[in-house]
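Chemist: based on what follows, work out the 3D shape:
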Amino acid sequence: MSQNHHAAYSRFIAGPITPTLAVFALPLLMTSLLHSLAGTWGAIWVGQVLGPNALTAVATANVIMLMVMGAAMGIGTAAAVAIGQSLGAGDLQAVKRVVGSAVAFVIGFALLMAAAGWLLTPSLVTWMGTPEPAREFAVIHLRYTCLTMPSIFTYLVMMMIVRGAGDSRTPFKFTLLWIALSVLLGPLLLTGSFGLPRLGIAGLGVANLLANTTALGALVAYIYVKRSPVALHGDDIRHLRPDPVLLRLLVGRGVPMALETLVVQGSYFALLALVNSYGAATAAAYSGAAQLWGYVQMPSNALAASMSAMAAMNIGAARWNRVEKIALRGCLMSLAIASLATAAMYALGDAPLRLFVPAGGAVLDKAWHINTLALWGWIALSGSMGLFAIMRANGAMLAPMLIFAATMWGLRVPFAMLLRPMLGEDAIWWSFPFGSICSAAIALTYYRWGGWRRQGLMLAAIDAPADELHVGE
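Modeler: Numbering: from 1, shown residues only. You can find the predicted model right below:
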């Protein structure tokens, strides 16, 4: 292990909690911010060049992509927790085994999903009730989005693996490369500028594929050169042939996380079908409003990832007193920042929405109305994300998924459907804060009195290899 990585490990298990959380979360926050800005940049170009119906297609593809991405995020989350716990316990050889199994799995899975997605796209677009003016855009954009799955899913898992080892700066550097290339190439391929082919909405997918593949190759090369603890050198390459027992463990722990994404995004999928039933104008307004929701959520997501990485190492080192402090301080930070971000969005009025709805009029008015009803609800969700991050750091993946399933499908979607006769489409917008508040209340209850603390270390059931290495060596 290099000196830089050993220093990061020491800060996580012995350093000051709040500053360490903030420093680790900052690159994650900047990564999320830049991703959202890149998505916003692409959405602006699509809306301005191709119109609001094409923007609806972008929202449709994003929902489906996030649903499928859940499986990759699940295996990445499980791998990151196992890596953090193993580093905390001083077992570097276990880290190598986890990396090999996780990477091999995600490559195979992503190839399968890309092929299936390409074939099933027309049926999915029809099933979602996409308005007819947006249908052709949606089919093209979703198919080209599917082509990006192998490189993007592999990159995301590699990024989570590196963060699990306590390094959030390295993924940030190469995400900058990915975003810079996609921001540059997207508009050029969309419009056919400078002699490049005019690909229309397909240009966004092609640009993302080229940009992400470049970033993935550069990230892998960098961690090898820097001898990161997650790099597979020499005999470590054998771990790319997964250990069946370890792979079953990772997949078993990753499945609830994958199901959680399916549950959450599936609820958006169901609500999007309701939105589409109100016509193209409402669908375009929702697409514009939803572009801003990610900006409110991203500080909480960054802090949650930071909390999980720090808590996993402290659990591996059996420092439970610090785990409780990480939960309290991290959640307070998350709630405060989410509140400030929400207040800022309200203070800006409809100005940010004009980036996506340049024509104004009824669509802009609807988008602003949606945000006045729904935007504030993400503050409550920020607390849930922090508590769930601590639970997952001890390998407790099932409880967050069940809580989301209960609140999204048992409460949010029925709320929207049952109240539509009285509230009309406003029932959909009110369902978002309603679901978020319910999730936060149940998450806090389970964190206080649930059995998640009784989970053993993830790799405890697997016999360690005889030639295991330790941090101190």
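
Chemist: next secondary structure after the lowest-mean-pLDDT helix or strand in the chain?
Modeler: The helix or strand of the chain with the lowest confidence, counting by mean pLDDT, DSSP states H and E, is helix 3-14 at a mean of 63. Remark: after helix 3-14, the chain's next helix or strand is helix 17-50, criterion DSSP states H and E.

Chemist: thought W45 was touching L185?
Modeler: No: distance between W45 and L185: 11.5 Å, which falls outside the contact criterion (Cβ atoms under 8 Å). C-beta coordinates here come from the backbone N, C-alpha and C atoms, glycine included.

Chemist: tell me, what's touching these two both at once?
Modeler: Jointly contacting W45 and L185 under the rule Cβ atoms under 8 Å, 6 or more residues apart in numbering is no residue at all.

Chemist: and the closest residue to I152 other than its chain neighbours, what is it in contact with?
Modeler: Using Cβ to Cβ, 6 or more residues apart in numbering and skipping residues adjacent in sequence, the residue nearest I152 is N212, 5.2 Å away. N212 makes contact with T148, S151, I152, Y155, W178, S182, according to Cβ under 8 Å, 6+ apart.

Chemist: which ones among those residues lie within helices?
Modeler: S151, I152, Y155, W178, S182 (DSSP state H).

Chemist: and for the first one, the neighbour number?
Modeler: Meaning S151. S151: 23 surrounding residues under other Cβ atoms under 10 Å.

Chemist: tell me the spacing between it and G205.
Modeler: In this structure, S151 and G205 are separated by 12 Å, where distance is defined by Cβ to Cβ, to the nearest Å.

Chemist: where does the chain have low pLDDT?
Modeler: Within the chain, the set of residues satisfying pLDDT under 70 comprises 1-9, 59-60, 63, 128, 356-360, 460-473.

Chemist: pick out the residue nearest the middle of it.
Modeler: Nearest to the mean C-alpha position of the chain, by Cα atoms, centre = their mean, lies M73 at 7.1 Å.

Chemist: hmm, L262 and that residue touching each other?
Modeler: No: contact criterion Cβ under 8 Å: M73 and L262 do not qualify, at 10.7 Å.

Chemist: got the contact list for L181?
Modeler: Listed by Cβ under 8 Å, 6+ apart, the contact set of L181 reads A207, L210, A211, T214, A215.

Chemist: distance of A71 relative to M65?
Modeler: 12 Å.

Chemist: which of the two has more residues huddled nearby?
Modeler: A71 (23 against 18).

Chemist: what's that one in contact with, if anything?
Modeler: Shown in contact with A71 (Cβ under 8 Å, 6+ apart): F109, M113, G254, A258, T261.

Chemist: tally of neighbours for A304?
Modeler: By the measure other Cβ under 10 Å, the count of residues near A304 is 25.

Chemist: work out for me the element it sits within.
Modeler: Element membership of A304 [criterion: DSSP H and E] is helix 280-316.

Chemist: which helices and strands sit right next to the helix or strand just after that helix?
Modeler: Past helix 280-316, heading to the C-terminal end, the next element that is a helix or strand (DSSP H and E) is helix 320-347. Counting contacts by 3 or more Cβ pairs under 8 Å, 6 or more residues apart in numbering; DSSP states H and E, helix 320-347 packs against helix 17-50, helix 280-316, helix 361-374, helix 378-393.

Chemist: minimum distance to A338: which of the ones you listed has it?
Modeler: Smallest distance to A338 across those (Cβ to Cβ): 3.9 Å, for helix 378-393.

Chemist: so how far is the closest one off the chain centroid?
Modeler: With Cα atoms, centre = their mean, to the nearest Å as the basis, helix 378-393 stands 13 Å off its chain's centre.

Chemist: what is the helix or strand containing V162 packed up against?
Modeler: Using DSSP H and E, V162 maps to helix 149-164. Secondary structure elements in contact with helix 149-164, counted by 3+ Cβ pairs under 8 Å, 6+ apart, are helix 52-89, helix 92-127, helix 169-191, helix 202-225, helix 280-316.

Chemist: buried residues of the third one, list them for me.
Modeler: By neighbour count, with 16 or more other Cβ atoms under 10 Å as the criterion, the buried positions of helix 169-191 are 170-172, 174-175, 177-179, 181-183, 185-191.

Chemist: okay, stretch 101-112 in CSV with CA atoms only?
Modeler: Taking C-alpha atoms only, stretch 101-112 is exported to CSV below (Å, rounded to 0.1, in the frame of the first residue of the first chain):
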residue,chain,number,x,y,z
SER,A,101,-14.8,-10.8,-8.8
ALA,A,102,-16.7,-7.5,-9.0
VAL,A,103,-15.1,-6.3,-12.2
ALA,A,104,-15.6,-9.7,-13.9
PHE,A,105,-19.2,-9.7,-12.9
VAL,A,106,-20.1,-6.2,-14.0
ILE,A,107,-18.5,-6.6,-17.5
GLY,A,108,-20.5,-9.7,-18.3
PHE,A,109,-23.7,-8.2,-16.9
ALA,A,110,-23.3,-4.9,-18.8
LEU,A,111,-22.8,-6.6,-22.1
LEU,A,112,-26.0,-8.7,-21.6
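
Chemist: quick one: residues in contact with that stretch.
Modeler: Stretch 101-112 is touched from outside by 71-72, 75-76, 78-79, 149-150, 152-154, 157-158, 161, 239-243, 246-247, 250-251, with contacts defined as Cβ under 8 Å, 6+ apart.

Chemist: thought L232 was touching V99?
Modeler: Yes: contact between L232 and V99 holds when scored by Cβ under 8 Å: they sit 6.2 Å apart.

Chemist: I'd say T175 and A215 touch.
Modeler: Yes: with contacts defined as Cβ under 8 Å, T175 counts as touching A215 at a distance of 6.8 Å.

Chemist: quick check: closest non-adjacent residue to L216.
Modeler: For L216, the nearest residue in space outside its immediate sequence neighbours is Y155; the separation is 4.5 Å by Cβ to Cβ, 6+ apart.

Chemist: residues contacting the one you found?
Modeler: Residues counted as contacts of Y155 (Cβ under 8 Å, 6+ apart) are W178, N212, A215, L216, L219.

Chemist: helices along the stretch 351-473 of the chain, start to end?
Modeler: Using DSSP state H, counting those that start in this stretch, the helices assigned to the stretch 351-473 of the chain run over residues 361-374, 378-393, 398-407, 413-423, 426-449.

Chemist: which other helices and strands contact the second one?
Modeler: Read that as helix 378-393. Packed against helix 378-393, as judged by 3+ Cβ pairs under 8 Å, 6+ apart, are the following elements: helix 52-89, helix 280-316, helix 320-347, helix 398-407, helix 426-449.
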